[in-house]
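S.K.: Need coordinates for the below:
(2 chains)
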Amino acid sequence: MVEKLQKILKNALIALNIQFEDEIFIERSRRPEYGHYTSNIAMLLAKKLCRSPLKIAEDLVYSIDKNAEIIDKVEAITPGFINFFIAPAAFQKIVSEVLKDGDRFGSSNIGKGAKAQVEFVSANPTGPLTVGHGRQAVLGDTVARILEWNGYDVDREYYYNDAGRQMRILGYSTYIRYRQLLGFDDVFPDDHYQGEYIIDVARDIKEKYGDQLKDDPENNIFKESAEMAVFEDIKKTLGDLDIVFDRYYNEKSLYDDGLIEDVLERFKAINATYEKDGAIWFKAGEYGATEDRVLWKSVVDEATYRLPDIAYHETKFKRGYDLIVDIFGADHHATVPDVLAGLQALGYSTDNIKVLIHQFVTLTRGGEKVKMSTRKANYVTLSELMDEVGKDVVRYFYIMRGMKSHLNFDLNLAKTEGDENPVYYLQYAHARIASILRNAKVKGLTLDGDVDLSLLRENETIALLNVISEFREVGILCGQALEPQILTTYLQKLATAFHKFYTVHRVITDDFLLSRTRLALVTAVKIVLANGLNLLGITAPERM
RNA sequence: CCGCCCAUGGCUCAACUGGAUAGAGCAGCGGACUUCUAAUCCGCAGGUUGCAGGUUCGAAUCCUGCUGGGCGGACCA
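M.R.: Model (predicted):
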């Protein structure tokens, strides 16, 4: 639709002999009086042509091909908008398009099969995922789904490090729990991991090894068992959210493959490093970052996290990804310029890296903040949240706000099954249609047979068709902006348009032709709702 | 001290390269179920878009300076 209008305007410009190279901007009108689509092109041209925008708009309207079948009416309005009123027939056609494309309706091929990678969660396996990780998990997976929907070949990747200090603490925490289970009255250090899950791991070790390891805190079994248990738990939680990673990338392999050393040597070779205070610094400032950074420590003979981060990101290029999406929490945003600077130093263009930074989550219960501390046992885990409110609500709540906003996750609201909960509003629309289809079937009414789409002409019906036709644009916009929240806003709009239609018009009546035609309409709505919900990883129920 | 993000009705949030009269939901008040699901719909009320300037035909959106909040600025990740 937009393309057609652009073409119509383009022809009008040519007819008036006006030069305009950029893409002609067409947007949905805000109000019904302004028609269905609007262009501000006359106002953009006003300065260049030194003429009143309204005059230009009027000229354009005059030159527009009135015979174009999709247009009912075109108006030029002060201060210079051109408003298009679309012919009902153009909207009505959308029904058959939806029915034809089915679960692919709205998808696009703007990705053209390019390889994309989305890296997210990337939490080290020291404990269960928290509600904080949840936002990133759902955001990342939804972005991945949206990219797939737009024709990208997407890999989901989880990057982790099981070699650091935190992991040693995890191992030692397990060891102490093990000792305690053996009856020793060891004191559990305050700053160690106090979660229940550690005790379970310790119990398993005790069952297998008895007290053989009681004086062997360095034994890898503690760390490895804990890590394995934690990872199983993380994967299960993610699986419950319908999130499956294609790859878990261990930082350690960067060392094993010699990539850390390799990157460092190349930095040195191009003189991008220098020594100061016994440490090796990277001239990040020369490559777009604000400050130089230490790459190799002097106090201990090891790299800082920045070096493996850079080496890791280089593998993404080497592995042939055309689009690289990183999802970070606000607490990691400071590392972004360093990684980008590193890649630039290595000679890569960072244009194809999109870094999405999301703000934090606060959990509230009845208006009161739920406090969270990672090491203490008093945080709410993602899996507990799932148990409490279910996958659909969790996914929806995480995605319904823009990622730049702080997310207020209201447990009470999430738990209500009533009208306050926005998830059910969408699902209810879908279930309601399913119910209509069941009733139709009982009465022997199916889509087999003639329909007359021109019967779809009441205000509520046209409004509904208009929203359906917007779905493709929304999908593409989401794919470009990588902002899933656009989709939730749209689906609310679609559900509203349907509910309004439903209260005014009956689908199943004695008029067979009209009934079958409306049945086609609501089936189309059902398909679009299901496609949208599926993109969000939310189930589209047949009954509620 | 420096950097990034945020501030929109009582609450939670929208607003698509800067567009027309800033929109929803919840909470409040008043209506609509003998008809395909009332988890719905309709109506009323609610706003100086944090403050002060600037840019222009036009600003919630862009720029500058404040105020208030979140997160960072480690040889922690």
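S.K.: only C-alpha atoms for contact and neighbour calcs from this point on.
M.R.: Will do.
S.K.: C-terminal to the helix or strand bottoming out on mean pLDDT in chain A, what's the next element?
M.R.: Ranked by mean pLDDT, DSSP states H and E, the weakest helix or strand in chain A is strand A:368-369, scoring a mean of 70. Next helix or strand after strand A:368-369 toward the C-terminus (DSSP states H and E): helix A:382-389.
S.K.: Contacts for that next one next, please.
M.R.: Identification of contacts with helix A:382-389 by Cα atoms under 8 Å, 6 or more residues apart in numbering yields A:Pro128, A:Leu129, A:Thr130, A:Val131, A:His133, A:Gly134, A:Thr237, A:Val394, A:Ala414, A:Lys415.
S.K.: Pick out whichever of the residues you listed sits closest to RNA strand B.
M.R.: Using Cα to the nearest atom of the strand, A:Lys415 is the member of the contacts of helix A:382-389 that sits closest to RNA strand B, with 10.2 Å.
S.K.: The residue lying closest to the closest one once chain neighbours are set aside and A:Tyr255: what is the separation?
M.R.: For A:Lys415, ignoring the flanking residues on the chain, the nearest one in space by Cα to Cα, 6 or more residues apart in numbering is A:Val389 at 5.5 Å. Plainly put, A:Val389 is 42 Å away from A:Tyr255 if you go by Cα to Cα, to the nearest Å.
S.K.: between these two, who's got more neighbours?
M.R.: Legend: neighbour count by other Cα atoms under 10 Å for A:Val389 and A:Tyr255, higher for A:Val389 (17 against 14).
S.K.: mind putting the contacts of helix A:382-389 in a markdown table, neighbour count included?
M.R.: Shown next, in a markdown table, are the contacts of helix A:382-389 (neighbours: other Cα atoms under 10 Å):
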| residue | neighbour count |
| --- | --- |
| A:Pro128 | 25 |
| A:Leu129 | 26 |
| A:Thr130 | 19 |
| A:Val131 | 25 |
| A:His133 | 21 |
| A:Gly134 | 24 |
| A:Thr237 | 20 |
| A:Val394 | 25 |
| A:Ala414 | 22 |
| A:Lys415 | 14 |
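S.K.: Now intersect those residues with the helices, please.
M.R.: Counting by DSSP state H, the part of the contacts of helix A:382-389 found in helices is A:Val131, A:His133, A:Gly134, A:Thr237, A:Val394, A:Ala414, A:Lys415.
S.K.: With pLDDT and distance to RNA strand B added, can I get those in CSV?
M.R.: Below are those laid out as CSV (pLDDT from 0 to 100; distance: Cα to the nearest atom of the strand, whole Å):
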residue, pLDDT, distance to RNA strand B
A:Val131, 87, 15
A:His133, 91, 13
A:Gly134, 93, 16
A:Thr237, 95, 20
A:Val394, 93, 14
A:Ala414, 81, 11
A:Lys415, 79, 10
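S.K.: biggest separation within the residues you listed, which pair?
M.R.: Farthest pair in these (Cα to Cα) is A:His133 and A:Lys415. Separation: 19.9 Å.
S.K.: Show me what the closest residue to RNA strand B within the stretch 51-200 of chain A is bridged to.
M.R.: Relative to RNA strand B, the nearest point of the stretch 51-200 of chain A is A:Phe81 (5.0 Å; Cα to the nearest atom of the strand). Counting by DSSP bridges, A:Phe81 is bridged to A:Ile77.
S.K.: again, but for the one 5 residues further on
M.R.: Taking DSSP bridges, one obtains A:Ile71 as the residues bridged to A:Ile86.
S.K.: wait, it sits on A:His36?
M.R.: Yes - with contact defined as Cα atoms under 8 Å, A:Ile86 reaches A:His36; the gap is 6.4 Å.
S.K.: what about A:His313, how many neighbours?
M.R.: A:His313, neighbours per other Cα under 10 Å, totals 19.
S.K.: who touches it in this structure?
M.R.: Applying Cα under 8 Å, 6+ apart to A:His313 gives the contacts A:Val339, A:Leu343.
S.K.: What mean pLDDT does the one helix or strand it maps to get?
M.R.: Assigned by DSSP H and E, A:His313 belongs to helix A:306-318. Regarding helix A:306-318, the rounded mean pLDDT is 96.
S.K.: Counting by contacts, list what the next helix or strand after that helix packs against.
M.R.: Beyond helix A:306-318 in the direction of the C-terminus, DSSP H and E gives the next helix or strand as strand A:323-329. For strand A:323-329, the elements it packs on are strand A:115-119, helix A:131-149, strand A:353-358, judged by 3 or more Cα pairs under 8 Å, 6 or more residues apart in numbering; DSSP states H and E.
S.K.: want to throw the ones you listed into CSV with distance to A:Gly102?
M.R.: Listed next are the helices and strands packed on strand A:323-329 as CSV, based on distance: least, Cα to Cα, whole Å:
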stretch, distance to A:Gly102
strand A:115-119, 25
helix A:131-149, 13
strand A:353-358, 31
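S.K.: To A:Leu514, which of the ones you listed lies closest?
M.R.: Per Cα to Cα, nearest to A:Leu514 of those: helix A:131-149, 33.5 Å.
S.K.: And the contacts of the helix or strand just after the closest one?
M.R.: From helix A:131-149 onward toward the C-terminus, using DSSP H and E, the following helix or strand is strand A:153-160. Strand A:153-160 is contacted by residues A:113-125, A:141, A:144, A:147-148, A:244-251 when judged by Cα under 8 Å, 6+ apart.
S.K.: Could you break chain A into its assigned domains?
M.R.: A:2-86, A:419-535 (automatic domain parsing).
S.K.: quick check, distance from the shortest one to the centre of its chain.
M.R.: Distance of domain A:2-86 from the chain centroid (Cα atoms, centre = their mean, to the nearest Å) equals 34 Å.
S.K.: related to what we said a few turns ago, doesn't A:Tyr37 make contact with the residue of the stretch 51-200 of chain A closest to RNA strand B?
M.R.: No - counting by Cα under 8 Å, A:Tyr37 is not a contact partner of A:Phe81; they are 10.2 Å apart.
S.K.: Hmm, A:Gln19 is touching A:Asn11, no?
M.R.: No - the pair A:Gln19 / A:Asn11 is not scored as a contact, 11.2 Å apart, by Cα under 8 Å.
S.K.: For A:Ala334, see how far away A:His406 is.
M.R.: Distance, A:His406 to A:Ala334, using Cα to Cα: 18 Å.
S.K.: For these two, work out which one has more neighbours and name it.
M.R.: Between A:His406 and A:Ala334, counted using other Cα under 10 Å, A:His406 has the larger neighbour count: 13 against 10.
S.K.: List the contacts of that one.
M.R.: A:His406 neighbours (Cα under 8 Å, 6+ apart): A:Gln359, A:Phe360, A:Val361, A:Thr362.
S.K.: What separation do you get for the third one and A:Gly347?
M.R.: Which is A:Val361. According to Cα to Cα, A:Val361 and A:Gly347 sit 37 Å apart.
S.K.: Looking at the two, which one has more neighbours?
M.R.: A count of neighbours by other Cα under 10 Å puts A:Val361 above the other of A:Val361 and A:Gly347, at 18 against 9.
S.K.: For that one, give me its contacts.
M.R.: Neighbouring residues of A:Val361 by Cα under 8 Å, 6+ apart: A:Val131, A:Gly132, A:Arg135, A:His406, A:Leu407, A:Asn408, A:Phe409.
S.K.: Name the nearest of the contacts of helix A:382-389 relative to A:Trp281.
M.R.: Of all those, A:His133 has the smallest distance to A:Trp281: 31.6 Å, by Cα to Cα.
S.K.: thought that closest one was touching A:Val121?
M.R.: Yes - taking contacts as Cα under 8 Å, A:His133 lies within contact range of A:Val121: 6.3 Å.
S.K.: Return every residue with contacts to both of these two.
M.R.: In contact with both A:His133 and A:Val121: no residue, using Cα under 8 Å, 6+ apart.
S.K.: Right, I'll leave it there.
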